[in-house]
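[1] Sequence first, predicted coordinates after that:
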Number of protein chains: 2
Amino acid sequence: MKTRYGILALVLVTSGAGQKQPKPLVLEEQGSFFVGGESKALPAPPPPPAGAPPGRGGNIFAGGDITINQMYVQYQIPENGNRHVPVVMVHGCCLSSKTWETTPDGRMGWNEYFVRKGRPVYLADQVSRARSGFDPTKFSAVKAGQAPLSELPNVLDASHQAAWAIFRFGPTYGTAFPDEQFPMASVDELYKQMIPDLNNLLPNPNPTWTNMAALAVKLKGAVLIGHSESGFFPEQAALIDPSGVRGVVSIEMPCVTTLTPAQLATLAKIPTLVMFGDHLGDVQGGFNTWPGSFASCNTFVKQIKDAGGDAQMMSLPEMGIKGNSHMLMQDKNNAQLADLILGWIDSHVEKKAKGH
Amino acid sequence: MKTRYGILALVLVTSGAGQKQPKPLVLEEQGSFFVGGESKALPAPPPPPAGAPPGRGGNIFAGGDITINQMYVQYQIPENGNRHVPVVMVHGCCLSSKTWETTPDGRMGWNEYFVRKGRPVYLADQVSRARSGFDPTKFSAVKAGQAPLSELPNVLDASHQAAWAIFRFGPTYGTAFPDEQFPMASVDELYKQMIPDLNNLLPNPNPTWTNMAALAVKLKGAVLIGHSESGFFPEQAALIDPSGVRGVVSIEMPCVTTLTPAQLATLAKIPTLVMFGDHLGDVQGGFNTWPGSFASCNTFVKQIKDAGGDAQMMSLPEMGIKGNSHMLMQDKNNAQLADLILGWIDSHVEKKAKGH
């Protein structure tokens, strides 16, 4: 069994490295847009000095309105893209949509892989991150002395050391697991993707959840994929408005196991896939929450099934696929894992819909 | 003359709205990567309480190293993309690479337009913005009491009112110029692109300049396009390392007119295009720096010419193209303006190279 997978992995890698672009990519359409967003008034500028001419006191940047809570979405639709349900991908903590693009070692990301498999793909930068921007008013208020220092938002930035542990590259910093699937020779390129996380600025419900639900409606049905920090966002979006959510794919996160029967009934109508990689309990030191997250998701999957739903846990090591990190969309076998998700969408979301 | 342009604009709009995607987009390759970036040590975490087990004190996010000053780049190469010099586009203040994508009213952005004209296109998020991330250490130090409040960085966020004035949508907020080329019915979509600007965090020289120069070398030659805040970045990049810079296109910014003869001699070897839109002096109130910026760039163009260089000022209204805003890559006649730049690249960068 182990040999079989070893050979398979070798074939994939050889094919990927030897022919980076097997054939031209043909797109029916591409572009970007925003979902959601609302106006917010900035504090009024200080009054102009006595005798100053009317106007804005010379500081055009003081006061006025800004837009917050919008979600930036970038999309590509392949030729004949209406054959398949659109897929929405949302990144995790301290990352952006770069997560799904070219891997740290230069292989094709899931964004293009899914497009080449005929799927319209939508990448969303979480609200408060990357091209979605963030609400700066708390920072400005503290700087201007209008709010106390205690209200200065916490800016979360994961270090290389934190990534090594949380993303499960190896037992201790600087040492990789012998069967590690993450392309460790290019780990510095992953570190460049890690950017400050300001999610603690966000209201509840998180506007990203609301915007994901609205995006699914706009697309007239979509499969929502979340990862890590956003792993349970597809479910949270469906709990706000399930009408556009055709399927949810939750990758590596803690699951909520305290949903009400009504909430579980809502989610039980939506096919659900949960995926976890390897080495969940093998990292030494201060970070060992993965076994608990995995257990919570097994509970969640059982709760959905008990409510009559179609839910599946894909534990990769239990399927014989070893060595996957937390960043499985960037791992060396990322195409193999994408195929698992694509196959699940075909049989649990699309065939089911045709059967009805 | 006015009627002629009116008809031309109508044809463009009709063609754009009626057939958003005239034919499939065929790409030889696409992807994303980072240029630059360096490690920075975070302050050491506080010592663990007496008797605590060894490790990181339970806070995996405390201490360690992060990566800063990297520049995120997204690219697309059309079929037979080696016919033309690659083009690098860098956005302005309070914006991201969204600047160059689908316009606020849903038309094709310059990114795809240039690709469809056979150009490899590279979009860079400025260092400290969007998917490039920013250095959070000053915020964290102030919050932790390790730095005084006075060192809290200023977060610049342009309001709707500031955009209306600076981007020259009309004489006063809420009133558009009668011939305004910006798609004003969709101005709310532009406001969603406007995100906090942390450029004042950056060291000197700005790492974006260094990274743009390195990107041009990596591409074995590129035309660098900057806009507004980044308008003079192509020149700044060339002053750091001109070896990869085949041409510079500077759109709507103040020009530096205090360069040394040696610096001017460096830039004089690179074909230079400067472009300005309309209504430079027509906005009332506190913001009226455009006439000064325009004058500074006329001086700069003359300085380059006097140094033996090939520099051109395209003042759109002087060419009979009226009503363009500051966001001319999003204006209703954006394809017409792109063609001006493409034609300039062909004749001043590419034909010249062939002639040598």
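    Sure thing, it's come through.
[2] where exactly do the strands run in the stretch 251-356 of chain A?
    A:272-276, A:311-315 (DSSP state E, counting those that start in this stretch).
[3] contacting residues for A:A213?
    Listed by CB atoms under 8 Å, 6 or more residues apart in numbering or on different chains, the contact partners of A:A213 are A:A237, A:A238, A:I240, A:D241, A:P242, A:G244, A:V245. (Glycine included, C-beta is placed from N, CA and C.)
[4] For those, name the two members farthest from one another.
    Farthest pair in the contacts of A:A213 (CB to CB) is A:I240 and A:G244. Separation: 10.6 Å.
[5] Show the pLDDT at the residue sitting nearest the centre point of chain A.
    What sits nearest the mean C-alpha location of chain A, by CA atoms, centre = their mean, is A:H91, with 2.3 Å. Per-residue confidence (pLDDT) for A:H91: 98.
[6] swap in A:P53?
    Value listed for A:P53 in the pLDDT field: 49.
[7] hang on, the earlier thing: between A:I240 and A:G244, which one's more packed in?
    Applying other CB atoms under 10 Å in any protein chain shown to A:I240 and A:G244 shows that A:G244 carries more neighbours, namely 21 against 16.
[8] that older thread, from the contacts of A:A213, which land in strands?
    A:V245 (DSSP state E).
[9] where does the stretch 151-300 of chain A come near chain B, residue by residue?
    Proximity of the stretch 151-300 of chain A to chain B is confined to A:152-162, A:165-166, A:188-189, A:191-196, A:285-287 under the rule CB under 8 Å from any CB of the partner chain.
[10] 6 Å instead, please
    For the stretch 151-300 of chain A, the residues in contact with chain B (CB under 6 Å from any CB of the partner chain) are A:152, A:155, A:157, A:159-162, A:165, A:191-192, A:195-196, A:285-287.
[11] Most widely separated two among these?
    A:L152 and A:G285 (29.1 Å).
[12] Which one of these two is surrounded by more residues?
    A:L152 (20 against 17).
[13] In the stretch 251-356 of chain A, what residue spans correspond to helices?
    Applying DSSP state H, counting those that start in this stretch to the stretch 251-356 of chain A gives helices spanning A:261-267, A:290-306, A:334-344, A:351-355.
[14] number of nearby residues for A:A41?
    Other residues near A:A41 number 11, with proximity taken as other CB under 10 Å.
[15] Could I get the contacting residues of the nearest residue in space to it that is not next to it in sequence?
    Excluding its sequence neighbours, the residue lying closest to A:A41 (CB to CB, 6 or more residues apart in numbering or on different chains) is A:D65, at 5.4 Å. A:D65 makes contacts with A:S39, A:A41, B:S159, B:H160, as judged by CB atoms under 6 Å, 6 or more residues apart in numbering or on different chains.
[16] Take the residues you listed and keep only those in strands.
    Among the contacts of A:D65, the ones falling in strands (DSSP E) are A:S39, A:A41.
[17] just the buried members of the contacts of A:D65?
    Judged by neighbour count, with 16 or more other CB atoms under 10 Å in any protein chain shown as the criterion, the buried members of these are B:S159, B:H160.
[18] picking up where we left off before, tell me the one of the contacts of A:A213 nearest B:V35?
    Nearest to B:V35 among the contacts of A:A213: A:A237, at 34.5 Å, using CB to CB.
[19] wait, that closest one sits on A:W209?
    Yes - if you go by CB atoms under 6 Å, A:A237 and A:W209 touch, sitting 4.9 Å apart.
[20] Looking at those two, which one has more neighbours?
    For A:A237 versus A:W209, the count of surrounding residues by other CB under 10 Å is larger for A:A237: 30 against 25.
[21] and the gap between that one and chain B?
    Counting by CB to the nearest CB, to the nearest Å, the separation of A:A237 from chain B is 19 Å.
[22] Show me where chain A dips below the pLDDT cut-off.
    For chain A, the stretches with pLDDT under 70 are A:1-22, A:45-62, A:286, A:354-356.
[23] Strands along the stretch 51-200 of chain A, start to end?
    A:65-68, A:71-78, A:87-90, A:121-125.
[24] Next, the residues that contact the second one from outside, please.
    The set of residues that contact strand A:71-78 without belonging to it, under CB under 6 Å, 6+ apart, is A:27-30, A:32-36, A:115, A:118, A:120-125, A:127, A:131-132, A:211.
[25] Taking strand B:71-78 as reference, get the angle to that strand.
    20 degrees (axes from the mean of the first three to the mean of the last three CA atoms, to 10 degrees).
[26] Next to chain B, which bits of the stretch 1-150 of chain A? Give me the list.
    Selection of the stretch 1-150 of chain A residues close to chain B by CB under 6 Å from any CB yields A:21, A:24-29, A:31-32, A:34, A:37, A:55-56, A:58, A:60-61, A:64-67, A:70, A:79, A:96, A:98, A:101-102, A:130-131, A:133, A:136, A:139-140, A:143.
[27] so how many other residues sit close to A:N206?
    Residues near A:N206, counting by other CB under 10 Å: 20.
[28] circling back to that earlier point, out of the residues of the stretch 1-150 of chain A next to chain B, which end up buried?
    Here, 16+ other CB under 10 Å leaves A:25, A:27-29, A:31-32, A:34, A:37, A:56, A:60-61, A:64, A:66-67, A:70, A:96, A:98, A:101-102, A:130-131, A:133, A:136, A:139-140, A:143 buried among the residues of the stretch 1-150 of chain A next to chain B.
[29] sorry, back to before: from the contacts of A:A213, which is closest to A:P203?
    Closest approach to A:P203 among these (CB to CB): A:I240, at 13.2 Å.
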